[in-house]
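Peer 1: Got a sequence here, can you build the structure:
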Amino acid sequence: MPLGHRRTLRWFPYFSFFVSLAGETERGTDLWYAIRIKHFAGNVQFLATPDGTPLWVSDVEPGSTHDLAAARIHALPDLYEAARDGLPTLADIGYLGAGGGIHVPVRKHPDLPGNIGPGNRTYNKLLRGLRFPGERAMAALKQRWRTLQHVTLSPSRIGALTQAALVLNNAWR
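Peer 2: Numbering: from 1, shown residues only. Below is the predicted model of the structure:
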């Protein structure tokens, strides 16, 4: 993971996205079937700079892999090291429990009545605002390169395809 120029950054927006696959089998019985989006997909992790420049994409994991499990495989050891150096990572609610240095939104506990407090709502709004350029960069990468919208080749090739799209996207910018 390219974290060499982290002295110039203040934080990393960190995300994951699904790349849709062609597939035919019973629902839920295939490793590449993503129950969350209800079709076949590959889970790709994505890291951006605060201004929205795509920085890194991971290799593909099967669609049934949870975001946090994929992050533990591909990125969290390096992101923990960056957090020790004072560079936090901003992530979405799928990374709840990722550990120190990974900032996620606060959610309401399901067993407690009422809403979250005003301080936590403000924290969530600030976090969402800081993550927005990275979200936009991820969406632009996925929408600009049509091949990432629906893949019909081997799922194991999605990682290389996404990394090539990242290189082309950064050259195009």
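Peer 1: Strands of this protein, residue ranges please.
Peer 2: Using DSSP state E, the strands of the chain run over residues 12-20, 33-34, 39-48, 54-57, 61-62, 89-90, 102-103.
Peer 1: Centre of the chain to the helix ranked longest in the chain, how far?
Peer 2: Of all the segments of type helix in the chain, defined by DSSP state H, the longest one is helix 118-144. The chain centre lies 11 Å from the centre of helix 118-144; the measure is CA atoms, centre = their mean, to the nearest Å.
Peer 1: counting contacts, what elements does it pack onto?
Peer 2: strand 12-20, strand 39-48, strand 54-57, strand 89-90, helix 158-172 (3 or more CB pairs under 8 Å, 6 or more residues apart in numbering; DSSP states H and E). Quick note: C-beta positions are derived from backbone N, CA and C, even for glycine.
Peer 1: In terms of pLDDT, where does T29 sit?
Peer 2: Looking at T29, its pLDDT reads 64.
Peer 1: where does the protein dip in pLDDT?
Peer 2: 1-12, 22-29, 173 (pLDDT under 70).
Peer 1: change it to 50
Peer 2: Within the chain, not a single segment meets pLDDT under 50.
Peer 1: F132 - how many residues pack around it?
Peer 2: By the measure other CB atoms under 10 Å, the count of residues near F132 is 12.
Peer 1: ok, now V19?
Peer 2: When neighbours are counted by other CB under 10 Å, V19 registers 22.
Peer 1: Leaving out the residues flanking it, which one is nearest to it?
Peer 2: G42 (4.7 Å; CB to CB, 6 or more residues apart in numbering).
Peer 1: Quick check, that neighbour in contact with S154.
Peer 2: No - G42 is not in contact with S154 according to CB atoms under 8 Å; the separation is 10.4 Å.
Peer 1: Please identify which of those two sits among more neighbours.
Peer 2: G42 (27 against 8).
Peer 1: From S20, how far out is that one?
Peer 2: For G42, the distance to S20 (CB to CB, to the nearest Å) stands at 8 Å.
Peer 1: Identify the contacts common to those two.
Peer 2: V151 (CB atoms under 8 Å, 6 or more residues apart in numbering).
Peer 1: ok, back up a step: flag every buried residue along the longest helix of the chain.
Peer 2: Buried positions in helix 118-144, judged by neighbour count with 16 or more other CB atoms under 10 Å: N124, L127, L130, R131, P133, G134, E135, A137, M138, L141, K142.
Peer 1: Fine by me, thanks again.
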